[in-house]
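Undergrad: need a 3D model of the following:
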Amino acid sequence: MQLYFKNNFLTLSYDREARLGKAEWAGRLQGPELREAFLLILELVDRFSLTRWLADDRLMGDITPADLEWSLEVYVPRLSKSSMLRMARLPSAFEQSRTSVDVMISKGSTYNLNLILRDFADEKEAMEWLMQPLLHQNKYKHQSV
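TA: Numbers count the residues shown, from 1 in each chain. Model prediction:
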């Protein structure tokens, strides 16, 4: 994996050949910093036409209502038009963060996406699933493992 961006709250990396991206969250970002982080994710996905994504949200802090609203209006619609086909998520240890991300996932299901999203408790299992061959997908699905 190549490092794309890193600060105290977020590490973004990618594998160009595997068309895989990864976000590792650590703490609570809000306002302009959170929005910038989401825009960096979109930029990374678009720049390398990534089709697989690992969202390591285990240490992601709470998302404010204003940031959630912005995410629903800007981030989710743009992600829905991206090259992303498969996303594995390691859910946050914090209930409010999990709830906010679940709202984003629910909003994503209103778009005609070719994205399968699964939750995992184990990073190794998540990576194994992500690296399976991508077959033709025609519907947004959210599954928990």
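Undergrad: count of neighbours near the closest residue to S80 other than its chain neighbours?
TA: Leaving aside its chain neighbours, S80 sits nearest to Y111 (3.9 Å; criterion: Cβ to Cβ, 6 or more residues apart in numbering). C-beta here means a position set from N, CA and C on the backbone, and glycine is covered the same way. Using other Cβ atoms under 10 Å, the number of residues around Y111 comes to 13.
Undergrad: was I right to think Y111 contacts P77?
TA: Yes. Contact criterion Cβ atoms under 8 Å: Y111 and P77 qualify, at 7.2 Å.
Undergrad: which residue is the nearest non-sequential neighbour of the residue nearest the centre of the chain?
TA: Computing the C-alpha centroid of the chain and ranking residues by Cα atoms, centre = their mean puts A55 first, at 4.6 Å. Leaving out its chain neighbours, the residue that sits closest to A55 by Cβ to Cβ, 6+ apart is R89, at 4.5 Å.
Undergrad: for K6, see how far away the one you found is.
TA: 20 Å (Cβ to Cβ, to the nearest Å).
Undergrad: all helices for the chain, in order.
TA: 32-48, 65-70, 76-80, 95-108, 123-130 (DSSP state H).
Undergrad: that older thread, tell me the confidence at the residue nearest to S80?
TA: Looking at Y111, its pLDDT stands at 72.
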